[in-house]
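Attaching a predicted model along with its sequence, questions to come.
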Amino acid sequence: LRDWEIFNSPAKGHTLPNTWFAIRACARGAQPVTRVLQAPVRAPYVESHGYHQSTAAGLPHVAGSTLRGEYPIAWLTFEDPGLPVQVRLEAFTPLIPLDAADSGLPGAYLTYSVTNSSNTAVDVSIVGSILNPVGGIEHGRFGHPHVPQGGTNRNVLRAMHGLAGMYLWSERYPPEHLQYGDFSLAVLDDPVTCKPVWRRGSWAHESLEEFWTDFSADGRLDDLGIDTPSEDGRTDTGSVAVASTLAPGERRDFQFVLAWYFPNRINGWNEGARVRHAGRETIRNHYATRFDSSWEVAQYLAEYRNRLESETRAYHDALFQSTLPAFVLDAVASNVAALRSTTCFWLEDGRFLGWEGCFDDEGCCPGTCTHVWNYAQTAAYLFPELERSMRRTELLDETGPDGKMNFRALRIFESIWDHEAAADGQLGTVMRVYREWQFSGDDSFLREMWPKVQAALRYAVEYWDTDDDLVLDGRQHNTYDIEFYGPNPLTGVFFLGALRAAEEIARYLGDDAQRYAAAFARSAARLDALCWNGEYYAQRLDDVDAYPYQHGTGCLSDQLLGQQIAHLLGLGPLLPREHVRRALESIYRHNYRQDFTEHVNGQRTYVLNDESGLLVCSWPRGGRPRVPFPYSDEVFTGIEYQVATHLIYEGLVDEGLTLVRAVRARHDGVRRNPWNEVECGNHYARSMASWGLLPALSGFACDMARGEMTFAPRINAEDFRTFWSTGRAWGTYTQRRDHATGQMEPSVRVLHGDASGVRVRACGREWML
């Protein structure tokens, strides 16, 4: 177990000392076998003082293990020829679309399934050990764990209502302190033995050896009777074990629950951007509005286990039993992890916020950056209430009376932010307001946002259109952390998408839709005339080197990002369809590389050697600026996903799937973490563009304001199955050809929520749910 990111900050590589599980198995008439349920430590062995006792590196481990993950569920199979049993771990944290509260529980289920593979009865015990982490664990010069600003920690046994285990806390911290919190490790529906506190010896090995000897003897634990808190600067380890006898061939599940409760965080992004008023230095996580301790969380997980598990499995099965390619499902599901990583946080007042990504030990690039979160689609489809929270922050809190939107939400924490607006971020936010309304059908939300949407568009015209032709040509800050000058496709197409969204909103609200429709038509014709070069859309500048960091004649992979989002929202073509398709073909032809061995890149490197990927930009016609924009020679997974999604929408399905396959081949679990696509930090928000693949391939569209859903699969149409979700419900859609009649037979199944009254269109048919 590692990466304990439960303390309101990233912690990549962080392990808790003495924190692992072990098994003891003893077949009748044989010697007991005790193993740490981890694969052996792998080479190279480079520790200057050897491995510390708290790593358990010197104890017998199982011979090996195999991991299979289909987020949010992971399965570990342990292999060891010396064990008379087979052992498998299933681990998950509840994930239920449209239920953000139960999908944000600070806890997890760990179920060890043990099968007696021998021909005689076997006594089996599973033990979980954990160091009390309250106060923050650090390691001394010789690797000894300690809590330099903590101590007086308590480990106690608790048992009630089918739950028994350890509750770990500290007497030191008051409830409002940043370090305040507790942790629980418990077992469901089984009697336990417990050693709440390991031996406190003068040498570190004493406690480990006493524990191992005790557990190995009979699979049960003796309580040493230590009932005093730990000394200042020190903490304790505790263990809880459960035992059973298995008949030949019998299988038994040993169900553990991990729960944590660290409710307080800095009331801001970091020390440099935070509220500083006395008494308001901290703010609580949203889960603190529901629970007062980790034990309460564990009780909730125990009491509602059946529902939480069945609804999580319903989501998992609906997604992974789809007929979409496995690597597409992998991309769609795995990046949901970013939404529940330390990249994001949900506050007690309902605000949902996010970094761009994370350093190994702190967030990176604050403010739910609009020009990065533009790409992300995951939350909109799974937890639309969280997206509506972000739109309220961006428009109601961070947009001034003149329509200028702060692309980093810092004002909400009383920090001064006077950077210029980001054109792509601001205009993309307008489009996302339309998305959030489509998904929810919440007219009150739309009316609440509409005045600031109009202001944001007025600002775009007044500030970025210098010659009144409705094509943005001024100083346009954007997602590459620089400013583009002159007409360019990135911001120009976003402007078109924002105008189309505003037209539809105005029409629904009875406002002047024609004003936006006329502006769109004029802008689209002018942008196409200025930027279309016969092959793709390029930046229009007389001298590309007049300003640093431009792309000029370059083929930008993001040139049609606004159109891709418009497709997801059902806003139709923003530019001539034949030009859009040819531009996409050019992006794929010029920017996709099957091999990067000869690629020259002086910027950050995300693709190496024989790997494949899509460049941010290339210059197939020459004209590369002397100083091109940052990141141009790099590869971003979020851009690869949005281009792949757009290719699929335009009928270039094989090309789109090629890009997705390349991304996931790079994240194969050996080269890179499959559940952590990095860019400017771990769990980078842009990676959540991958969810767009699902509606693109299934041809799914919804409008809950009008009560409509549509399906038109672009792959496997003869026998198709997919997951779908709206702001009201989620479930599965299936279509198959009836070979007797030759007709396509579509069906919708609702697994969660209420879709009654929704009209479905598919296979040339219409029906009401």
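Everything's here; your move. Numbering: from 1, shown residues only.

For the nearest residue to R432 once chain neighbours are set aside, give me its contacts.
The spatially closest residue to R432, leaving aside those adjacent along the chain, is R391, at 6.3 Å (C-beta to C-beta, 6 or more residues apart in numbering). Yep, even glycine has a C-beta here, placed from its N, CA and C like the rest. Neighbour list for R391: T429, R432, V433, E436, F445, M449 [criterion: C-beta atoms under 8 Å, 6 or more residues apart in numbering].

same thing but 10 Å
R391 is in contact with T429, V430, R432, V433, R435, E436, W437, F445, E448, M449, K452, V453, counting by C-beta atoms under 10 Å, 6 or more residues apart in numbering.

any idea which element the residue lying closest to L614 once chain neighbours are set aside lies in?
Nearest residue to L614, sequence neighbours excluded (C-beta to C-beta, 6+ apart): E640, at 4.6 Å. Take DSSP states H and E as the rule and E640 turns out to sit in helix 637-649.

go on, Q299?
helix 294-303.

could you give the mean pLDDT of that helix?
Throughout helix 294-303, pLDDT has a mean value of 98.

and whichever helix or strand comes after it, which residues are buried?
Downstream of helix 294-303, the first helix or strand assigned by DSSP H and E is helix 305-320. Buried residues in helix 305-320, counted by 16 or more other C-beta atoms under 10 Å: R305, L308, E309, E311, T312, A314, Y315, H316, A318, L319, F320.

Stretch 572-587 now?
Buried residues in stretch 572-587, counted by 16+ other C-beta under 10 Å: P573, L574, L575, H579, V580, R581, R582, A583, L584, E585, S586, I587.

same question, stretch 647-660
Those would be L647, I648, Y649, E650, L652, V653, E655, G656, L657, T658, L659, V660, for stretch 647-660 by 16+ other C-beta under 10 Å.

The stretch 401-550 of the chain: strands as residue ranges?
For the stretch 401-550 of the chain, strands defined by DSSP state E, counting those that start in this stretch occupy the ranges 476-477, 483-484.

and these as TSV, adding mean neighbour count and distance to H739?
Listed next are the strands of the stretch 401-550 of the chain as TSV, based on neighbours: other C-beta atoms under 10 Å; distance: least, C-beta to C-beta, whole Å:
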stretch	mean neighbour count	distance to H739
strand 476-477	24	55
strand 483-484	23	55
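
Now render the ones you listed as a markdown table, adding distance to Q179.
Below are these laid out as a markdown table (distance: least, C-beta to C-beta, whole Å):
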| stretch | distance to Q179 |
| --- | --- |
| strand 476-477 | 39 |
| strand 483-484 | 43 |
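
okay, these in JSON lines with mean pLDDT and distance to L339 next?
As requested, these are exported to JSON lines (pLDDT from 0 to 100; distance: least, C-beta to C-beta, whole Å):
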{"stretch": "strand 476-477", "mean pLDDT": "99", "distance to L339": "26"}
{"stretch": "strand 483-484", "mean pLDDT": "98", "distance to L339": "30"}
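
Make sure P72 is actually in contact with T93.
Yes - P72 lies in contact with T93 (C-beta atoms under 10 Å); the separation is 6.0 Å.

intersection of neighbour lists for those two?
Taking C-beta under 10 Å, 6+ apart as the contact rule, P72 and T93 both touch S103, A108, T312, R340.

For N132, see how far away the second one is.
Right, the one you point to is A108. Distance, A108 to N132, by C-beta to C-beta, to the nearest Å: 18 Å.

Looking at the two, which is more packed in?
The residue with more neighbours, out of A108 and N132, is N132; 29 against 17, by other C-beta atoms under 10 Å.

Tell me how far the more buried one lies from D236.
From N132 over to D236 the distance is 6 Å, taken as C-beta to C-beta.

Need the overlap of contacts for those two.
With C-beta under 10 Å, 6+ apart as the test, N132 and D236 both reach N18, N153, R154, N155, L168, P196, V197, P229, S230.

ok, those vs R220, which is closest?
Nearest to R220 out of the shared contacts of N132 and D236 is P196 (C-beta to C-beta; 14.2 Å).

Roughly how far does the closest one sit from D418?
Applying C-beta to C-beta, the value for P196 to D418 is 54 Å.

quick one, which of those two is more surrounded?
Counted by other C-beta under 10 Å, P196 and D418 do not tie: P196 has more neighbours, with 25 against 7.

need the contact list for that one.
132, 154-158, 165-168, 221, 223-227, 236-240.

Buried ones from those residues, can you make that a PyMOL selection?
Per 16+ other C-beta under 10 Å, the buried members of the contacts of P196 correspond to this PyMOL selection:
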select buried, resi 132+154+155+157+158+165+166+167+168+221+224+226+236+237+238+239+240
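
Give me the below-cutoff pLDDT ranges for the protein.
Across the chain, nothing is flagged by pLDDT under 70.

helices and strands around the longest helix along the chain, which ones?
As assigned by DSSP state H, the longest helix anywhere in the chain is helix 489-509. Applying 3 or more C-beta pairs under 10 Å, 6 or more residues apart in numbering; DSSP states H and E, one finds that helix 489-509 makes contact with helix 423-440, helix 443-459, strand 476-477, strand 483-484, helix 513-531, helix 561-568.

list the buried ones in it?
Applying 16+ other C-beta under 10 Å to helix 489-509 flags 489-506, 508 as buried.

send the alpha carbons of the helix or strand where A696 lies over as CSV?
Taking DSSP H and E as the definition, A696 sits inside helix 693-698. Coordinates of the C-alpha atoms in helix 693-698 are reproduced here as CSV (Å, rounded to 0.1, in the frame of the first residue of the first chain):
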residue,chain,number,x,y,z
LEU,A,693,-15.1,9.0,-26.7
LEU,A,694,-18.1,7.4,-25.2
PRO,A,695,-20.8,9.7,-26.7
ALA,A,696,-18.9,10.0,-29.9
LEU,A,697,-18.8,6.3,-30.6
SER,A,698,-22.3,5.6,-29.3
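
Could you report the neighbour count for D397?
With other C-beta under 10 Å as criterion, D397 counts 14.

can you tell me how far it sits from P746?
For D397, the distance to P746 - C-beta to C-beta - is 43 Å.

how does this protein divide into domains?
20-307, 321-698, 701-768 (automatic domain parsing).

out of these, nearest to K12?
Nearest of the domains of the chain (C-beta to C-beta): domain 321-698, 3.9 Å.

Sketch out the helices for the stretch 101-250 of the chain, chain order is fine.
204-218 (DSSP state H, counting those that start in this stretch).

what about the strands in it?
When secondary structure is read from DSSP E, counting those that start in this stretch, the stretch 101-250 of the chain shows strands at 107-116, 122-131, 138-139, 145-146, 153-160, 163-170, 182-188, 193-195, 237-246.

Which residues does the third one contact?
If you take C-beta under 10 Å, 6+ apart as the criterion, strand 138-139 is touched by T15, P17, H52, S54, H144, P145, H146, V147, P148, Q149, G150, G233.

center of this structure, which residue is that?
A338 (1.8 Å; C-alpha atoms, centre = their mean).

Excluding chain neighbours, what is closest to that residue?
Closest to A338 by C-beta to C-beta, 6+ apart is H683, at 4.1 Å.
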